[in-house]
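Engineer: Provide a 3D model corresponding to the input given below.
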Amino acid sequence: MNFEFSEDQKMIKETARSYLADKCTSADVRRILDGDESFHPELWAGVAEMGWLGTAIPEEYDGLGLGYLELCVIAEELGRAVAPIPFSSTVYLFAEAILAAGTEEQKKKYLPKVAAGELIGCLAMSEGAGAVTPKTINASVSGGTISGTKVPVVDGDVADHAIVVAKTGSGNDEGSMSLFVVDLKGEGVTVESVKTVDPTRGHATITLNNAPAEALGDTGEGWAIVDRIFDRAAVLFSFEQMGGSQAALDMAKDYAMDRYAFGRPIASFQAIKHKLADMYVATELARSNCYYGAWALSTDAPELPVAAATARVSASESYAHTSKENIQTHGGMGFTWEFDCHLHYRRSKVLGLTIGSLPRWKDRLIDRLEARNVA
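Structural biologist: Residues are numbered from 1 along each chain as shown. Have a look, this model is predicted:
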């Protein structure tokens with residue numbers, strides 16, 4: 001089994017890194033952090049022009065038709081750059097939902113717009129703090145319209161369409177959940193921005209009051225579809241986290257090599273060496289698990305549920321650890337606004353909660369390992 005990327009995939013990775021180094025500097029990220037914009041529109045247009053939005057979308061829907069390995073390497077570089085664009089919500093969640101459950105008509109309607117950068121999508125599932133379960137979802141559908149409140153919705157403040165999880169049955173079990181596509185610019189929809197720890201990724205409260213809803217997938221299959229989408233998205237989010245983890249490690253190492261104290265680089269002190277070594281180990285562990293997840297995703301292997309959960313857990317732990325230790329390595333200046341350390345710390349917190357928290361994914365991993373052992 002070969003876990004190495006091909007030469008073409010490495011070239012895509014290098015191209016992405018070079019492009020983002022030029023178009024997504026820390027100054028560009030800070031422009032969104034300090035300003036009123038929720039994302040970087042010029043970067044979004046550039047990413048669309050590069051074809052990244054259609055990387056895994058088949059050619060018949062105007063995508064590049066490459067594959068998920070290529071999307072993984074792009075995700076890693078977006079994470080490294082802390083890119084302030086709604087890429088993950090649109091590509092990992094919205095587009096994947098359309099690909100997984102959409103009719104041919106829906107695929108032709110939405111996917112070309114995603115690939116062209118003309119449509120920003122999101123997933124509206126949560127209805128408040130805490131773990132999302134069928135019992136916590138109250139949004140419901142009646143007569144082709146949907147009512148309820150979803151919060152927080154990642155990138156919901158800039159999205160054009162949302163995949164909404166809503167109740168279509170009378171119970172509170174998984175079989176009573178279905179998926180719907182809602183036009184967030186249409187009637188019966190109110191969107192209000194929500195402040196979070198990372199303003200470079202917008203969040204919103206979406207209130208639906210008899211908003212027109214377009215069914216996506218079979219009735220009662222919504223929860224199962226989202227579960228499959230989350231497994232696929234978990235691998236891609238893990239690559240973003242791994243890219244951010246590597247960037248935080250590089251930032252800490254460079255600073256430790258350049259910063260002198262008592263006439264010598266602080267990197268020569270044992271305490272700093274141990275920090276950097278621990279950061280390196282965490283990042284490389286995440287990398288190996290991400291590569292396993294990428295293989296399972298690209299081949300649609302039966303191991304995907306376990307591989308996705310493993311990648312998600314290790315990448316979440318790695319990014320949280322390295323972003324925190326990067327601040328500590330920078331010492332008394334590391335936590336200040338002027339240094340860029342907090343950009344990764346903020347993003348690690350947000351990515352660690354998107355599509356479920358770390359404890360939630362640990363539970364999923366344990367459940368799947370137990371089920372595999374029983375089988």
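Engineer: now do the one helix or strand residue 22 maps to: distance to the chain's middle.
Structural biologist: If you go by DSSP states H and E, residue 22 is part of helix 7-23. Average the C-alpha atoms of helix 7-23, do the same for its chain, and the two points are 19 Å apart (CA atoms, centre = their mean, to the nearest Å).
Engineer: keeping just the C-alphas, turn that helix into CSV.
Structural biologist: Extracted as CSV, the C-alpha positions of helix 7-23 are listed here (Å, rounded to 0.1, in the frame of the first residue of the first chain):
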residue,chain,number,x,y,z
GLU,A,7,4.1,13.8,-8.7
ASP,A,8,1.0,15.6,-10.1
GLN,A,9,-0.5,15.8,-6.6
LYS,A,10,2.7,17.2,-5.2
MET,A,11,2.7,19.8,-8.0
ILE,A,12,-0.9,20.8,-7.0
LYS,A,13,0.2,21.1,-3.4
GLU,A,14,3.3,23.3,-4.3
THR,A,15,1.1,25.4,-6.6
ALA,A,16,-1.4,25.9,-3.9
ARG,A,17,1.2,26.8,-1.3
SER,A,18,2.8,29.3,-3.7
TYR,A,19,-0.5,30.9,-4.6
LEU,A,20,-1.7,31.2,-1.0
ALA,A,21,1.7,32.6,0.1
ASP,A,22,1.2,35.4,-2.4
LYS,A,23,-2.6,36.0,-2.1
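Engineer: just the mean pLDDT for it, thanks.
Structural biologist: Averaging pLDDT along helix 7-23 yields 95.
Engineer: elements contacting it?
Structural biologist: Packing partners of helix 7-23 (3 or more CB pairs under 8 Å, 6 or more residues apart in numbering; DSSP states H and E): helix 41-50, helix 68-81. All C-beta spots, glycine's among them, are computed from the backbone N, C-alpha and C.
Engineer: residue 5 reaches residue 74, doesn't it?
Structural biologist: No: between residue 5 and residue 74 there is no contact, the gap being 11.8 Å when judged by CB atoms under 8 Å.
Engineer: what residues are shared contacts of those two?
Structural biologist: With contacts defined as CB atoms under 8 Å, 6 or more residues apart in numbering, the residues shared by residue 5 and residue 74 are residue 13.
Engineer: so those two - more neighbours on which side?
Structural biologist: Just comparing residue 5 and residue 74: by other CB atoms under 10 Å the higher neighbour count belongs to residue 74, 30 against 17.
Engineer: correct me if wrong: that one contacts residue 17.
Structural biologist: No: in this structure, residue 74 is not within contact of residue 17 by CB under 8 Å, at 9.9 Å.
Engineer: which parts of the chain are helices?
Structural biologist: In the chain, the segments counted as helices under DSSP state H are 7-23, 26-34, 41-50, 68-81, 87, 96-101, 104-116, 222-258, 270-299, 304-329, 341-351, 358-374.
Engineer: of all the ones you listed, which lies closest to residue 208?
Structural biologist: Residue 208 sits nearest to helix 222-258 of all the helices of the chain, at 15.4 Å, using CB to CB.
Engineer: burial of residue 112, as a residue count?
Structural biologist: Neighbour count of residue 112, defined by other CB under 10 Å: 17.
Engineer: the one 10 residues further on too?
Structural biologist: Neighbour count of residue 122, defined by other CB under 10 Å: 29.
Engineer: tell me the bridge partners for it.
Structural biologist: residue 162 (DSSP bridges).
Engineer: got the confidence number for it?
Structural biologist: Looking at residue 122, its pLDDT reads 97.
Engineer: measure it to residue 109 for me?
Structural biologist: 17 Å (CB to CB, to the nearest Å).
Engineer: then residue 14?
Structural biologist: Between residue 14 and residue 109 the distance is 35 Å, computed by CB to CB.
Engineer: now residue 196. Nearest residue, chain neighbours left out?
Structural biologist: Nearest in space to residue 196, with sequence neighbours left out and distances taken as CB to CB, 6 or more residues apart in numbering, is residue 203 at 5.0 Å.
Engineer: again, but for residue 249
Structural biologist: With CB to CB, 6+ apart as the criterion, residue 249 has its nearest non-adjacent residue at 4.7 Å, and that residue is residue 279.
Engineer: neighbours of that neighbour, how many?
Structural biologist: 25.
Engineer: can you list the weak-confidence ranges in the stretch 101-250 of the chain?
Structural biologist: Scanning the stretch 101-250 of the chain for pLDDT under 70 picks out no residues.
Engineer: hmm, back to that, more crowded one of residue 14 and residue 109?
Structural biologist: It is residue 109, of residue 14 and residue 109, that has more neighbours when counted by other CB under 10 Å, with 16 against 12.
Engineer: tell me how far that one lies from residue 115.
Structural biologist: Separation of residue 109 from residue 115 (CB to CB) stands at 12 Å.
Engineer: equivalent analysis for residue 37, please.
Structural biologist: The spacing between residue 37 and residue 115, counted by CB to CB, is 23 Å.
Engineer: which one's more surrounded, those two?
Structural biologist: Shown here are residue 37 and residue 115; by other CB under 10 Å, residue 115 has more neighbours (25 against 15).
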